[in-house]
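Asks: dropping the sequence and predicted coords here.
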Amino acid sequence: MEKQLSEKSKTKFKKGIFIIPSLLTIFNVFCGFYAIVAAINGRFYEAAVAIIIAGFFDILDGRVARLMNSSSEFGVQLDSLADIISFGLAPSILIYMWVLKPFGRLGWMAAFLFVLCGVLRLARFNIQTQLAKSNYFIGLPTPAAAGFIATTVIVTREIFSIEKLHPLVIVGGVYLLAFLMVSTIKYRNFKNLDLRDKKPFRIFLFSVLSIYIIAAIPQVALFLMAVVYLLSGPFERVFASKIFKSVHTVENLKEKHTN
(Lines give C-alpha, C1' and ligand atoms only; values in the text may rest on other atoms or scores of the structure.)
Protein backbone atom coordinates (compact mmCIF):
# COMPACT_ATOMS: atom_id res chain seq x y z
CA MET A 1 0.00 0.00 0.00
CA GLU A 2 2.84 2.39 0.94
CA LYS A 3 4.60 1.48 -2.33
CA GLN A 4 1.50 2.40 -4.37
CA LEU A 5 1.16 5.73 -2.55
CA SER A 6 4.81 6.61 -3.16
CA GLU A 7 4.46 5.70 -6.85
CA LYS A 8 1.34 7.88 -7.14
CA SER A 9 3.05 10.83 -5.45
CA LYS A 10 6.05 10.44 -7.77
CA THR A 11 3.72 10.48 -10.80
CA LYS A 12 1.97 13.62 -9.54
CA PHE A 13 5.31 15.29 -8.87
CA LYS A 14 6.51 14.40 -12.37
CA LYS A 15 3.39 15.94 -13.90
CA GLY A 16 3.91 19.03 -11.76
CA ILE A 17 7.46 19.43 -13.09
CA PHE A 18 6.18 19.64 -16.68
CA ILE A 19 3.83 22.45 -15.68
CA ILE A 20 6.62 24.77 -14.47
CA PRO A 21 8.44 25.36 -17.81
CA SER A 22 5.10 25.64 -19.60
CA LEU A 23 3.97 28.36 -17.17
CA LEU A 24 7.20 30.25 -17.84
CA THR A 25 6.44 30.05 -21.56
CA ILE A 26 2.92 31.37 -20.89
CA PHE A 27 4.47 34.37 -19.07
CA ASN A 28 6.58 34.84 -22.20
CA VAL A 29 3.37 34.97 -24.30
CA PHE A 30 1.77 37.40 -21.86
CA CYS A 31 4.73 39.79 -22.14
CA GLY A 32 4.62 39.54 -25.93
CA PHE A 33 0.89 40.28 -26.04
CA TYR A 34 1.31 43.18 -23.62
CA ALA A 35 4.09 44.56 -25.84
CA ILE A 36 1.73 44.50 -28.85
CA VAL A 37 -1.03 46.32 -26.94
CA ALA A 38 1.43 48.88 -25.54
CA ALA A 39 2.95 49.53 -29.00
CA ILE A 40 -0.50 50.07 -30.56
CA ASN A 41 -1.32 52.56 -27.81
CA GLY A 42 1.93 54.46 -28.39
CA ARG A 43 3.68 53.30 -25.19
CA PHE A 44 6.84 52.21 -26.99
CA TYR A 45 9.13 52.18 -23.96
CA GLU A 46 6.79 49.84 -22.06
CA ALA A 47 6.50 47.59 -25.13
CA ALA A 48 10.29 47.38 -25.41
CA VAL A 49 10.68 46.49 -21.72
CA ALA A 50 7.98 43.80 -22.08
CA ILE A 51 9.87 42.20 -25.00
CA ILE A 52 13.08 42.11 -22.95
CA ILE A 53 11.24 40.48 -20.01
CA ALA A 54 9.77 37.96 -22.47
CA GLY A 55 13.36 37.17 -23.48
CA PHE A 56 14.28 36.36 -19.89
CA PHE A 57 11.28 34.03 -19.59
CA ASP A 58 12.32 32.39 -22.87
CA ILE A 59 15.78 31.66 -21.43
CA LEU A 60 14.32 30.47 -18.12
CA ASP A 61 11.80 27.98 -19.52
CA GLY A 62 14.50 26.13 -21.49
CA ARG A 63 16.93 26.11 -18.57
CA VAL A 64 14.27 24.91 -16.11
CA ALA A 65 13.11 22.17 -18.52
CA ARG A 66 16.69 20.88 -18.90
CA LEU A 67 17.48 21.09 -15.17
CA MET A 68 14.29 19.24 -14.23
CA ASN A 69 14.64 16.81 -17.13
CA SER A 70 11.10 17.77 -18.16
CA SER A 71 11.58 18.55 -21.85
CA SER A 72 8.71 17.41 -24.06
CA GLU A 73 7.44 17.79 -27.61
CA PHE A 74 4.53 19.83 -26.26
CA GLY A 75 6.96 22.23 -24.59
CA VAL A 76 9.00 22.61 -27.79
CA GLN A 77 5.93 23.45 -29.88
CA LEU A 78 4.53 25.80 -27.22
CA ASP A 79 7.88 27.61 -27.03
CA SER A 80 7.96 28.08 -30.83
CA LEU A 81 4.44 29.53 -30.90
CA ALA A 82 5.32 31.83 -28.00
CA ASP A 83 8.43 33.03 -29.87
CA ILE A 84 6.33 33.94 -32.92
CA ILE A 85 4.18 36.21 -30.74
CA SER A 86 6.84 37.69 -28.45
CA PHE A 87 9.80 37.91 -30.84
CA GLY A 88 8.06 38.03 -34.22
CA LEU A 89 4.79 39.95 -34.06
CA ALA A 90 5.54 42.11 -31.00
CA PRO A 91 8.84 43.66 -32.22
CA SER A 92 7.53 44.09 -35.78
CA ILE A 93 4.44 45.98 -34.56
CA LEU A 94 6.64 47.97 -32.17
CA ILE A 95 9.11 49.03 -34.88
CA TYR A 96 6.26 49.78 -37.31
CA MET A 97 4.29 51.96 -34.88
CA TRP A 98 7.48 53.60 -33.57
CA VAL A 99 9.27 54.67 -36.77
CA LEU A 100 8.13 52.76 -39.88
CA LYS A 101 4.52 53.96 -40.13
CA PRO A 102 5.33 57.26 -41.93
CA PHE A 103 7.12 55.33 -44.71
CA GLY A 104 3.84 53.83 -45.93
CA ARG A 105 4.20 50.64 -47.96
CA LEU A 106 7.98 50.53 -47.51
CA GLY A 107 7.46 50.65 -43.74
CA TRP A 108 4.85 47.94 -43.34
CA MET A 109 6.61 45.70 -45.86
CA ALA A 110 9.79 45.94 -43.76
CA ALA A 111 7.79 45.04 -40.63
CA PHE A 112 6.13 42.14 -42.46
CA LEU A 113 9.50 40.87 -43.71
CA PHE A 114 10.74 40.79 -40.12
CA VAL A 115 7.77 38.60 -39.09
CA LEU A 116 8.10 36.37 -42.16
CA CYS A 117 11.83 35.75 -41.65
CA GLY A 118 11.21 35.13 -37.95
CA VAL A 119 8.59 32.45 -38.76
CA LEU A 120 10.85 30.85 -41.39
CA ARG A 121 13.77 30.82 -38.96
CA LEU A 122 11.68 29.15 -36.24
CA ALA A 123 10.38 26.53 -38.68
CA ARG A 124 13.95 25.75 -39.76
CA PHE A 125 15.10 25.63 -36.14
CA ASN A 126 12.40 23.08 -35.24
CA ILE A 127 13.57 20.78 -38.03
CA GLN A 128 17.25 21.21 -37.16
CA THR A 129 16.77 20.40 -33.47
CA GLN A 130 15.29 17.05 -34.49
CA LEU A 131 18.26 16.30 -36.77
CA ALA A 132 21.22 17.26 -34.60
CA LYS A 133 22.23 19.06 -31.44
CA SER A 134 24.85 21.76 -31.74
CA ASN A 135 26.51 24.53 -29.77
CA TYR A 136 25.40 26.98 -32.44
CA PHE A 137 22.20 28.47 -33.82
CA ILE A 138 21.95 28.69 -37.61
CA GLY A 139 20.94 32.28 -38.26
CA LEU A 140 20.31 35.05 -35.75
CA PRO A 141 17.86 33.80 -33.06
CA THR A 142 14.51 35.58 -33.08
CA PRO A 143 14.81 36.64 -29.39
CA ALA A 144 18.15 38.32 -30.21
CA ALA A 145 16.65 40.18 -33.20
CA ALA A 146 13.67 41.27 -31.10
CA GLY A 147 16.01 42.24 -28.25
CA PHE A 148 18.01 44.45 -30.59
CA ILE A 149 14.86 46.35 -31.61
CA ALA A 150 13.69 46.63 -27.98
CA THR A 151 17.04 47.87 -26.64
CA THR A 152 17.26 50.36 -29.52
CA VAL A 153 13.89 51.83 -28.49
CA ILE A 154 15.10 52.10 -24.89
CA VAL A 155 18.53 53.57 -25.62
CA THR A 156 17.15 56.18 -28.04
CA ARG A 157 14.76 57.41 -25.38
CA GLU A 158 17.51 57.66 -22.75
CA ILE A 159 20.61 58.66 -24.74
CA PHE A 160 19.85 60.15 -28.17
CA SER A 161 16.85 61.00 -30.33
CA ILE A 162 15.75 58.68 -33.14
CA GLU A 163 15.20 61.73 -35.35
CA LYS A 164 18.99 62.05 -35.67
CA LEU A 165 19.09 58.81 -37.69
CA HIS A 166 18.45 58.79 -41.43
CA PRO A 167 15.15 57.01 -42.31
CA LEU A 168 16.95 54.64 -44.69
CA VAL A 169 19.22 53.54 -41.83
CA ILE A 170 16.18 52.45 -39.82
CA VAL A 171 14.51 50.62 -42.71
CA GLY A 172 17.85 49.08 -43.73
CA GLY A 173 18.43 47.93 -40.15
CA VAL A 174 15.11 46.04 -40.10
CA TYR A 175 15.93 44.40 -43.45
CA LEU A 176 19.37 43.42 -42.11
CA LEU A 177 17.85 41.79 -39.02
CA ALA A 178 15.42 39.86 -41.24
CA PHE A 179 18.28 38.68 -43.47
CA LEU A 180 20.43 37.58 -40.51
CA MET A 181 17.57 35.47 -39.11
CA VAL A 182 17.28 33.37 -42.28
CA SER A 183 21.02 33.37 -43.06
CA THR A 184 23.39 30.44 -42.49
CA ILE A 185 25.61 32.48 -40.17
CA LYS A 186 26.26 30.60 -36.92
CA TYR A 187 25.60 32.15 -33.50
CA ARG A 188 26.62 30.59 -30.20
CA ASN A 189 23.73 29.32 -28.07
CA PHE A 190 25.60 28.90 -24.72
CA LYS A 191 23.51 25.80 -23.90
CA ASN A 192 26.56 23.99 -22.51
CA LEU A 193 27.39 26.85 -20.16
CA ASP A 194 27.23 25.28 -16.69
CA LEU A 195 27.57 27.79 -13.84
CA ARG A 196 27.66 24.99 -11.25
CA ASP A 197 31.17 23.93 -12.30
CA LYS A 198 34.29 25.61 -10.96
CA LYS A 199 35.43 28.53 -13.10
CA PRO A 200 38.66 30.61 -13.14
CA PHE A 201 38.70 33.66 -10.87
CA ARG A 202 38.90 36.05 -13.86
CA ILE A 203 35.52 34.76 -15.11
CA PHE A 204 34.03 35.49 -11.69
CA LEU A 205 35.45 39.03 -11.80
CA PHE A 206 34.12 39.53 -15.33
CA SER A 207 30.65 38.34 -14.20
CA VAL A 208 30.64 40.73 -11.24
CA LEU A 209 31.77 43.62 -13.46
CA SER A 210 29.08 42.81 -16.04
CA ILE A 211 26.35 42.76 -13.38
CA TYR A 212 27.65 46.07 -12.01
CA ILE A 213 27.58 47.73 -15.46
CA ILE A 214 24.07 46.40 -16.19
CA ALA A 215 22.84 47.68 -12.81
CA ALA A 216 24.54 51.08 -13.26
CA ILE A 217 23.55 51.81 -16.87
CA PRO A 218 21.03 49.12 -17.91
CA GLN A 219 19.83 50.98 -21.02
CA VAL A 220 23.29 51.25 -22.56
CA ALA A 221 24.54 47.88 -21.28
CA LEU A 222 21.61 45.90 -22.73
CA PHE A 223 21.92 47.72 -26.07
CA LEU A 224 25.67 47.01 -26.25
CA MET A 225 25.06 43.34 -25.39
CA ALA A 226 22.54 43.12 -28.23
CA VAL A 227 24.96 44.78 -30.66
CA VAL A 228 27.89 42.53 -29.63
CA TYR A 229 25.82 39.36 -30.06
CA LEU A 230 24.44 40.62 -33.39
CA LEU A 231 27.97 41.18 -34.73
CA SER A 232 29.47 38.07 -33.12
CA GLY A 233 28.11 35.72 -35.80
CA PRO A 234 29.51 37.53 -38.88
CA PHE A 235 32.76 38.33 -37.04
CA GLU A 236 33.31 34.72 -35.96
CA ARG A 237 32.50 33.49 -39.45
CA VAL A 238 35.05 35.79 -41.10
CA PHE A 239 37.65 35.20 -38.39
CA ALA A 240 37.18 31.40 -38.47
CA SER A 241 37.43 31.30 -42.28
CA LYS A 242 40.70 33.26 -42.17
CA ILE A 243 42.16 30.86 -39.60
CA PHE A 244 41.04 27.87 -41.68
CA LYS A 245 42.67 29.34 -44.80
CA SER A 246 45.97 30.01 -42.99
CA VAL A 247 46.02 26.51 -41.47
CA HIS A 248 45.26 25.02 -44.88
CA THR A 249 48.08 27.08 -46.46
CA VAL A 250 50.57 25.92 -43.79
CA GLU A 251 49.57 22.28 -44.37
CA ASN A 252 50.06 22.67 -48.13
CA LEU A 253 53.51 24.20 -47.60
CA LYS A 254 54.47 21.32 -45.30
CA GLU A 255 53.34 18.77 -47.89
CA LYS A 256 55.34 20.50 -50.62
CA HIS A 257 58.40 20.63 -48.38
CA THR A 258 58.19 16.91 -47.53
CA ASN A 259 57.67 16.00 -51.21
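Replies: Sure thing, it's come through. Keep in mind it's a predicted model, so treat the numbers as computed, not measured. Numbering: from 1, shown residues only.
Asks: in contact with the closest residue in space to residue 177 that isn't next to it in sequence, which residues?
Replies: Distances taken as CB to CB, 6 or more residues apart in numbering place residue 145 nearest to residue 177, at 4.7 Å, with adjacent residues excluded. Yep, even glycine has a C-beta here, placed from its N, CA and C like the rest. Neighbouring residues of residue 145 by CB atoms under 8 Å, 6 or more residues apart in numbering: 87, 91, 114, 118, 177-178, 180-181.
Asks: same check, this time on residue 188
Replies: Residue 188 touches 135-137, 232, 236, counting by CB under 8 Å, 6+ apart.
Asks: give me that answer again for 10 Å
Replies: 134-137, 229, 232-233, 236 (CB atoms under 10 Å, 6 or more residues apart in numbering).
Asks: now swap in residue 137 and tell me
Replies: So residue 137 contacts 121, 125, 128, 144, 181, 185-189, 191, 233 (CB under 10 Å, 6+ apart).
Asks: so which of these comes closest to residue 213?
Replies: Sorting those by how near they are to residue 213, with CB to CB, puts residue 144 at the top with 19.3 Å.
Asks: just the buried positions in whichever strand or helix holds the closest one, please.
Replies: If you go by DSSP states H and E, residue 144 is part of helix 142-158. Buried residues in helix 142-158, defined by neighbour count with 16 or more other CB atoms under 10 Å: 142-156.
Asks: now the stretch 101-250 of the chain, which segments are flagged as low pLDDT?
Replies: 129-134, 158-167, 190-204, 206-207, 240-250 (pLDDT under 70).
Asks: just the strands in it please.
Replies: Using DSSP state E, counting those that start in this stretch, the strands assigned to the stretch 101-250 of the chain run over residues 136-138, 186-188.
Asks: the inter-axis angle of the helix or strand encompassing residue 66 versus helix 142-158?
Replies: Remark: residue 66 resides in helix 44-67, with elements defined by DSSP H and E. If you take axes from the mean of the first three to the mean of the last three CA atoms, to 10 degrees, helix 44-67 sits at 150 degrees to helix 142-158.
Asks: who's in contact with the next helix or strand after helix 44-67?
Replies: Next helix or strand after helix 44-67 toward the C-terminus (DSSP H and E): helix 73-84. With CB under 10 Å, 6+ apart as the test, helix 73-84 has contacts from 18, 21-22, 24-32, 54-55, 57-58, 61-62, 65, 72, 88, 90, 115, 118-119, 121-123, 125-126, 129-130, 141-143, 146.
Asks: and whatever helix or strand comes next after helix 73-84, how far from the chain's centre?
Replies: Next helix or strand after helix 73-84 toward the C-terminus (DSSP H and E): helix 90-95. Counting by CA atoms, centre = their mean, to the nearest Å, helix 90-95 is centred 15 Å from the centre of its parent chain.
Asks: again, but for stretch 56-70
Replies: For stretch 56-70, the distance to the chain centre is 14 Å (CA atoms, centre = their mean).
Asks: pull out the buried positions in that stretch.
Replies: Neighbour counts over stretch 56-70 (16+ other CB under 10 Å) mark 57-58, 60-62, 64-65, 70 as buried.
Asks: and for stretch 171-186?
Replies: Neighbour-count burial for stretch 171-186 flags 171, 173-174, 177-178, 180-183, 185-186 (criterion: 16+ other CB under 10 Å).
Asks: could I get those residues as a markdown table with distance to residue 36?
Replies: Below are those laid out as a markdown table (distance: CB to CB, whole Å):
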| residue | distance to residue 36 |
| --- | --- |
| 171 | 21 |
| 173 | 21 |
| 174 | 17 |
| 177 | 18 |
| 178 | 19 |
| 180 | 23 |
| 181 | 19 |
| 182 | 23 |
| 183 | 26 |
| 185 | 28 |
| 186 | 31 |
